[in-house]
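A.B. asks: From the sequence below, what's the structure:
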Amino acid sequence: PYTLSEKEQELMDTLTYSFTHSKVLKKHIDFFFTHGSMYKIINHNILYHGCIPMTEDGEFLPLSTRDGEVSGKRLMDYCEQKCIEAYFMNEELDPNGKLYATDFFWYLWCGPKSPLFGKDKMTTFEHCFIEDTESHKESFNSYYKWIEKESYVDKIIQEFDEDPELSHIVNGHVPVKSKKGESPIKASGKLFIIDGGISKAYHSKTGIAGYTLIYDSKHLSLAKHKDFHKGEENTPEIQMVERMKTRIRIGETDKGIELRKQMTDLLDLLEAYQNGEIKEA
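C.D. replies: Numbering: from 1, shown residues only. Just a heads-up that it's a prediction; the model follows:
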């Protein structure tokens with residue numbers, strides 16, 4: 001068995017202590033689990049990190065769980081629920097439920113049907129210890145083939161109860177090899193891969209420093225970032241990819257929906273006072 005060196009053991013002890021006793025770290029992790037989600041829909045645009053697992057035939061790939069098969073949006077919702085249970089569930093009240101949720105949480109890291117992973121296997125060990133490059137191969141889920149076609153991206157958008165005429169998918173996870181001519185724009189502008197390659201470790205493979213999607217009331221634009229070099233000009237290249245048919249107004253956004261709800265609540269409260277349902281203090 002491998003024996004840790006003195007420095008390695010010291011590092012492990014420090015990490016263990018930090019995870020166990022650090023209030024700041026706990027606060028950060030609490031934030032992830034209370035505010036984070038498997039996907040987010042903002043102004044009809046669907047944001048997620050990895051993929052919506054699909055079959056070779058372009059159907060949503062089902063994952064068998066102890067609660068039955070789940071796929072598509074139901075898979076994403078199920079994954080989110082299990083993540084929350086893995087972190088917050090009281091083990092004493094439901095030890096089997098806590099154990100299952102924790103195991104499921106770890107599966108999401110590199111499971112072949114995990115929407116966060118999107119590959120058939122992880123070959124980190126092979127990369128480190130085996131020279132045969134054939135053993136390094138990681139095959140992507142069929143999702144990454146189908147997102148080139150507009151009809152399949154529309155299918156995913158509809159799965160989330162959104163309108164393909166209004167919505168886009170903002171996708172991450174996979175570095176875009178810009179230097180080889182690969183584009184972050186897929187399916188006739190319905191899907192954008194934007195965060196792949198921001199990490200400096202990927203810059204030699206991608207030729208750039210990742211993308212940022214800019215969304216405002218008039219258009220959608222992509223900012224292509226350059227690898228930062230001190231003393232050089234590092235302003236990103238901005239490319240407009242879609243102009244809105246009509247300018248987006250606040251009332252058409254999520255904020256507008258929220259404001260209308262607040263107005264309705266205030267009007268209902270005013271009516272309740274006027275009708276005597278609520279007495280003034």
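A.B. asks: quick one: what helix or strand has Ile156 in it?
C.D. replies: Assigning secondary structure by DSSP states H and E places Ile156 in helix 150-159.
A.B. asks: That helix packs against which elements?
C.D. replies: helix 72-88, strand 169-171 (3 or more Cβ pairs under 8 Å, 6 or more residues apart in numbering; DSSP states H and E). Every C-beta, even on glycine, is put in place using the N, C-alpha and C of the backbone.
A.B. asks: Outside of the shortest one itself, list whatever touches it.
C.D. replies: Among residues not part of strand 169-171, those counted as contacts by Cβ atoms under 8 Å, 6 or more residues apart in numbering are 45-49, 51, 147, 153, 156-157, 190-194, 213.
A.B. asks: ditto for the longest one
C.D. replies: Contacts of helix 72-88 from elsewhere in the structure, counted by Cβ under 8 Å, 6+ apart, are 29, 33, 37-39, 48, 52-53, 60, 62-63, 65, 67, 70, 97-98, 100-102, 104-105, 108, 114-116, 156, 159-161.
A.B. asks: Which parts of the chain are helices?
C.D. replies: Ranges of helices in the chain, per DSSP state H, are 6-21, 23-35, 72-88, 95-110, 124-129, 143-146, 150-159, 203-206, 254-274.
A.B. asks: okay, the angle between the first one and helix 23-35?
C.D. replies: Translated: helix 6-21. Here the directions of helix 6-21 and helix 23-35 differ by 60 degrees (axes from the mean of the first three to the mean of the last three Cα atoms, to 10 degrees).
A.B. asks: for the longest one, same thing?
C.D. replies: With the same axes, to 10 degrees applied, the angle from helix 254-274 to helix 23-35 works out at 80 degrees.
A.B. asks: What mean pLDDT does helix 254-274 get?
C.D. replies: Per-region confidence: helix 254-274 scores 95 on mean pLDDT.
A.B. asks: What is the lowest-pLDDT residue among the contacts of strand 169-171?
C.D. replies: pLDDT across the contacts of strand 169-171 is lowest for Ile194, at 87.
A.B. asks: Would you mind measuring from it to Leu220?
C.D. replies: 11 Å (Cβ to Cβ, to the nearest Å).
A.B. asks: hmm, who's touching the helix holding Ile156?
C.D. replies: Against helix 150-159 from outside (Cβ under 8 Å, 6+ apart): 46, 52, 54, 58, 60, 72-73, 146-147, 163-164, 167, 169, 186-188, 190-191.
A.B. asks: Restricted to strands, list those.
C.D. replies: Of the contacts of helix 150-159, the ones assigned to strands by DSSP state E are Ile46, Ile169, Lys186, Leu191.
A.B. asks: Which members of these are classed as buried?
C.D. replies: By neighbour count, with 16 or more other Cβ atoms under 10 Å, the ones in strands among the contacts of helix 150-159 hold Ile46, Ile169, Lys186, Leu191 as buried.
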